[in-house]
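# Structure for the following, please:
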Amino acid sequence: MKTVVITIKYSCYLLLGLLAQLLLSIPISVFERPGDLLSVDTSSPLILDNVNVVDVRTGQIFEHRQIQISGGLIESIQSAGTSSGPEFERIDLEGAYIVPGLFDMHVHIHDRKYLALNLAYGITSVRNMRGLPMHLRWKAELEQGLWLGSKLYTSSPVLDGEKYAHALQQVVTSPEEARKLVRTYQNAGYDLIKAYGYLDKAVFEAIVDEANTLGIPVTKHGPNPVAGATIESNRGLQSLEHVEDIFQGPLNYEFDRDVLVDWIAELK
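Here you go, the predicted structure:
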């Protein structure tokens, strides 16, 4: 009986793996319906009246204001109740607070509706950290105003070494291949290059060097350097993702305040 259970268990894993490969092979457009999201409509000029505008640069709050919007852009901010032409649709926000749109700097977007949901909660821009060709298509559709969602910035497909790579990572094992992929991803329209910490030192250095030459930013998974490199190898990167990797890397899963303080100072 135990042998039968084990056989069934691993058969299930095999079937799940085959199903995952099948789903990954289907073009994502198969699951998308052209009319399933709202289109962008800026044809009607708007007035947002009776609002408090938060200036996040100075910390000031400008009370009892009116915001005029035309063509999707803010035209003016003036006193609440200011008269306007009949072409404006007026919305009384009854003292609500207006802040600049939020920016989520680390997301994984697997469905276009994620972008619509982000926008509904005031997140007007997102930075997708595992890019795939579908994200380039969605960027283009958003820029054309075909549907309503947060502005999308996306990394390249993740460049990774062989040790822990999976189906959604791009394995790269030679500096020459790394340089070629950086050029390919920049030409395709990705906004930045995403590198994992399990890359060989020579491959990582080639990625950074080629990206610097081309003027495309590089972000790295984890603040601890790749094997064989010093912390200086992080200099000039756009960002270091996942602060928990300090615990998993330099601290070796043991909390030590003195080691942590020294390492953070070195990182800074």
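# where do the strands sit along the stretch 101-250 of the chain?
According to DSSP state E, counting those that start in this stretch, the stretch 101-250 of the chain carries its strands in the segments 102-107, 123-128, 151-154, 158-160, 169-171, 193-195, 218-221, 239-241.
# ok, Ala229 to Arg235 distance?
In this structure, Ala229 and Arg235 are separated by 11 Å, where distance is defined by CB to CB, to the nearest Å. For every residue, glycine as well, the C-beta is placed using N, CA and C.
# who has more neighbours, these two?
Higher neighbour count among Ala229 and Arg235: Ala229, with 17 against 8, using other CB atoms under 10 Å.
# That one: what's it in contact with?
Under the criterion of CB atoms under 8 Å, 6 or more residues apart in numbering, the neighbours of Ala229 are 201, 204-205.
# Format these as TSV; extra columns: distance to Asp49, pLDDT and neighbour count.
Putting the contacts of Ala229 into TSV (distance: CB to CB, whole Å; pLDDT from 0 to 100; neighbours: other CB atoms under 10 Å) gives the following:
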residue	distance to Asp49	pLDDT	neighbour count
Lys201	59	97	14
Phe204	54	98	27
Glu205	56	97	17
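# List just the nearest of these to Thr154.
Taking CB to CB as the measure, Thr154 sits nearest to Phe204 out of the contacts of Ala229, at 20.8 Å.
# Could you check the pLDDT of the closest residue to that closest one other than its chain neighbours?
Using CB to CB, 6 or more residues apart in numbering and skipping residues adjacent in sequence, the residue nearest Phe204 is Val226, 4.8 Å away. Confidence per residue is given as pLDDT, and for Val226 that number is 92.
# Could you pull out the helices in the protein for me?
2-25, 112-120, 133-143, 175-188, 201-214, 245-248, 257-267 (DSSP state H).
# and these as a markdown table, adding distance to Ser39?
A markdown table is the format used below for those (distance: least, CB to CB, whole Å):
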| stretch | distance to Ser39 |
| --- | --- |
| helix 2-25 | 28 |
| helix 112-120 | 11 |
| helix 133-143 | 10 |
| helix 175-188 | 26 |
| helix 201-214 | 35 |
| helix 245-248 | 41 |
| helix 257-267 | 45 |
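# Quick one: closest of those helices to Ser156.
Distance to Ser156, taken as CB to CB, is lowest for helix 175-188 among the helices of the chain, at 3.8 Å.
# The closest one - contacts with which helices or strands?
strand 193-195, helix 201-214 (3 or more CB pairs under 8 Å, 6 or more residues apart in numbering; DSSP states H and E).
# Please compute how far the last one lies from its chain's middle.
Distance, stretch centre to chain centre, for helix 201-214: 21 Å (CA atoms, centre = their mean, to the nearest Å).
# In CSV, list the C-alpha atoms belonging to it.
Listed next in CSV are the C-alpha coordinates belonging to helix 201-214 (Å, rounded to 0.1, in the frame of the first residue of the first chain):
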residue,chain,number,x,y,z
LYS,A,201,31.0,36.3,-11.2
ALA,A,202,32.3,36.8,-14.8
VAL,A,203,28.7,36.6,-16.1
PHE,A,204,27.4,39.1,-13.6
GLU,A,205,30.3,41.5,-14.4
ALA,A,206,29.6,41.1,-18.2
ILE,A,207,25.9,42.0,-17.6
VAL,A,208,26.7,45.1,-15.6
ASP,A,209,29.4,46.2,-18.0
GLU,A,210,27.2,45.8,-21.1
ALA,A,211,24.3,47.4,-19.5
ASN,A,212,26.4,50.4,-18.5
THR,A,213,27.7,50.7,-22.0
LEU,A,214,24.1,50.7,-23.4
